[in-house]
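K.L.:
predicted model and sequence follow; I will ask about them next.
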Amino acid sequence: MNPESPSAAPGAENSQKPDQREEPVDVRAIDWNRAWQAQLARRGLRKRDARYWDGRAPSFAKAVSETDFSDRFLAILKPQPSWTVLDMGCGSGALAIPLAKRVRSVTAVDFSGEMLAVLRDQCAAESLANVATIQGSWEQDWGQLGIGACDVAIACRSLVVEDLRAALLKLDAAARKGAYIVTVVGDGPHDRRLFEAVGRPLIPSPDYIYTYNLLYQMGICANVAFIEEIRNRSYDSPEQAAASLRWMFEDLTGPEEAKLGAFLKKQLVFRDGSWRLCYDKEIRWAVIWWEKG
């Protein structure tokens with residue numbers, strides 16, 4: 001051995017660790033219901049009760065009327081004239097109204113009495129007599145509420161529940177032919193620019209992948225399609241814009257309110273008779289559905 005040649009230190013050959021690869025994660029071993037609940041807890045938000053949605057009923061109806069989301073969802077659903085449909089978490093009727101014109105009957109359920117009142121007013125205005133409304137929630141006993149079996153069950157942007165598995169089981173049990181869910185992708189309707197403006201981190205809700213993986217774990221092989229929506233609501237005044245956008249936050253402090261107001265003062269523009277943000281918000285929704293039988 002040449003004493004001048006570089007050599008490894010004694011025992012160096014044993015110091016090299018073998019290739020240590022992490023064990024692969026088995027998606028089937030993850031409790032996706034608990035993962036869903038953990039992400040909800042991480043957000044730390046209080047669940048909005050019926051009174052909150054009662055207050056949002058008029059503006060909510062206006063907001064959903066300004067997009068083509070319903071038409072695009074119905075293109076995926078392909079409703080049939082013979083169907084009976086359950087619309088769980090129907091809101092002000094963004095889907096129940098157009099569905100009623102295409103199917104035999106719609107049972108529209110929501111825990112907000114004001115949302116249901118707006119829906120009934122729209123049905124009366126359009127002479128639709130095949131929509132039955134029920135005030136109730138995911139957590140209540142559906143049998144006691146009078147929610148029976150239907151051909152197709154829909155939950156569009158309404159699966160804001162703590163026990164996702166229980167809700168999915170209820171929806172699946174109510175449907176004879178198939179069930180359809182619409183849920184968020186990524187940030188959903190939350191605007192990161194607003195969160196940055198007030199100085200808060202945006203912790204997203206658990207999105208579609210939790211629901212899809214839980215269905216897989218439950219033995220349901222679901223389909224997925226995506227709807228991209230470009231949203232830029234119109235407002236009668238800057239004050240209405242601030243009041244409407246405040247839904248994204250809980251308990252804004254005085255300084256945060258001031259920051260939000262300053263941001264909107266810069267970003268709102270008056271165009272075509274109304275106020276709008278100077279930028280569009282792109283929202284992606286996942287449509288998840290499965291057939292029965």
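P.N.:
Received the coordinates, thanks.
K.L.:
angles on the backbone of Arg200, please.
P.N.:
phi -110, psi 150 (degrees, to the nearest 10).
K.L.:
separation between it and Asp191?
P.N.:
12 Å (CB to CB, to the nearest Å). (Glycine included, C-beta is placed from N, CA and C.)
K.L.:
any idea how many residues pack against the nearest residue to Ala96 once chain neighbours are set aside?
P.N.:
In space, and not counting its chain neighbours, Ala96 is closest to Ala108: 4.3 Å by CB to CB, 6 or more residues apart in numbering. Ala108 has 28 neighbours, counted by other CB atoms under 10 Å.
K.L.:
wait, Ala108 sits on Asn130?
P.N.:
No. Contact criterion CB atoms under 8 Å: Ala108 and Asn130 do not qualify, at 10.6 Å.
K.L.:
can I get the CA coordinates of the one helix or strand Phe73 maps to in CSV?
P.N.:
Phe73 belongs to helix 69-77 when assigned by DSSP states H and E. Written as CSV, here are the backbone C-alpha positions of helix 69-77 (Å, rounded to 0.1, in the frame of the first residue of the first chain):
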residue,chain,number,x,y,z
PHE,A,69,-72.0,26.5,-12.7
SER,A,70,-75.5,25.0,-12.6
ASP,A,71,-75.6,24.4,-16.4
ARG,A,72,-72.1,22.8,-16.3
PHE,A,73,-73.0,20.5,-13.4
LEU,A,74,-76.3,19.5,-15.1
ALA,A,75,-74.3,18.6,-18.3
ILE,A,76,-72.4,16.1,-16.1
LEU,A,77,-75.5,14.8,-14.3
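K.L.:
where does this protein have low pLDDT?
P.N.:
Residues of the chain that meet the criterion pLDDT under 70 lie in 1-20, 44-66.
K.L.:
kindly recompute the last result at 90.
P.N.:
For the chain, the stretches with pLDDT under 90 are 1-29, 42-68, 160, 204-205, 230-234, 243-244, 246-251, 271-272, 293.
K.L.:
what helix or strand is Arg176 on?
P.N.:
Using DSSP H and E, the element containing Arg176 is strand 175-184.
K.L.:
cool, and Gly143?
P.N.:
helix 142-145.
K.L.:
what angle sits between whichever helix or strand comes after that helix and strand 175-184?
P.N.:
Where DSSP H and E defines the elements, the next helix or strand beyond helix 142-145 is strand 150-156. Angle of strand 150-156 versus strand 175-184, following axes from the mean of the first three to the mean of the last three CA atoms, to 10 degrees, is 10 degrees.
K.L.:
for Val103, which non-adjacent residue is closest in space?
P.N.:
Nearest non-adjacent residue to Val103 (CB to CB, 6+ apart): Trp83, at 4.2 Å.
K.L.:
rewinding a little: which SS class is the residue nearest to Ala96?
P.N.:
strand (DSSP: H, G, I helix; E, B strand; the rest coil).
K.L.:
what sits against it?
P.N.:
For Ala108, the contacting residues are 87, 90, 93, 96, 116, 119, 131-134, by CB atoms under 8 Å, 6 or more residues apart in numbering.
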